[in-house]
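1. Next comes the sequence, and after it the predicted model I'd like to discuss.
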Amino acid sequence: MDTAGVGLNVPSSRSRGIAYAEVGTVADGAKVTIGCQTSGTTVTGTYGTSAIWDRIGSGRFIADAYVYTGHDGYIPNVPRC
């Protein structure tokens, strides 16, 4: 994950237009395990602009635009949430 040197707040939902509680942070450079992917609010991050959100734990989503996955769009073989 690359957030240009700062940690990324992890909201409890994949919509950034509404104030959802933050449930933690992920450090810049951290490796994350993506359990599933879904669509949500469009976000511009280190790796472009995307409406894909990656679930990294129960109730924990991060914008795919900050995660290097090696794929543009959804990752093959990763289920949809």
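-> Perfect, I can see it now. Fair warning: this is a prediction, and the values are worked out from it, not measured in the lab. Residues are numbered from 1 along each chain as shown.
2. With residue 76 as the reference, measure out to residue 49.
-> 21 Å (C-beta to C-beta, to the nearest Å). The C-beta positions use only the backbone N, C-alpha and C, and glycine is treated the same way.
3. Can you report how many residues neighbour residue 76?
-> The local packing of residue 76 (other C-beta atoms under 10 Å) involves 6 other residues.
4. again, but for residue 56
-> Other residues close to residue 56 by other C-beta under 10 Å number 20.
5. and it, that's in a strand?
-> Yes: applying DSSP: H, G, I helix; E, B strand; the rest coil, one finds residue 56 inside a strand.
6. per-residue pLDDT, the closest residue to it other than its chain neighbours?
-> Spatial nearest neighbour of residue 56, excluding adjacent residues (C-beta to C-beta, 6 or more residues apart in numbering): residue 32 at 4.7 Å. With respect to pLDDT, residue 32 has a value of 89.
7. check contacts around residue 32.
-> 1, 26, 54, 56, 62, 67 (C-beta atoms under 8 Å, 6 or more residues apart in numbering).
8. now do the same end-to-end measure for stretch 39-55.
-> This stretch, stretch 39-55, spans 11 Å end to end (C-alpha to C-alpha, to the nearest Å).
9. shaky segments in the protein?
-> Applying pLDDT under 70 to the chain flags residues 1-23.
10. what do you get if the cut-off is 80, keeping everything else the same?
-> 1-26 (pLDDT under 80).
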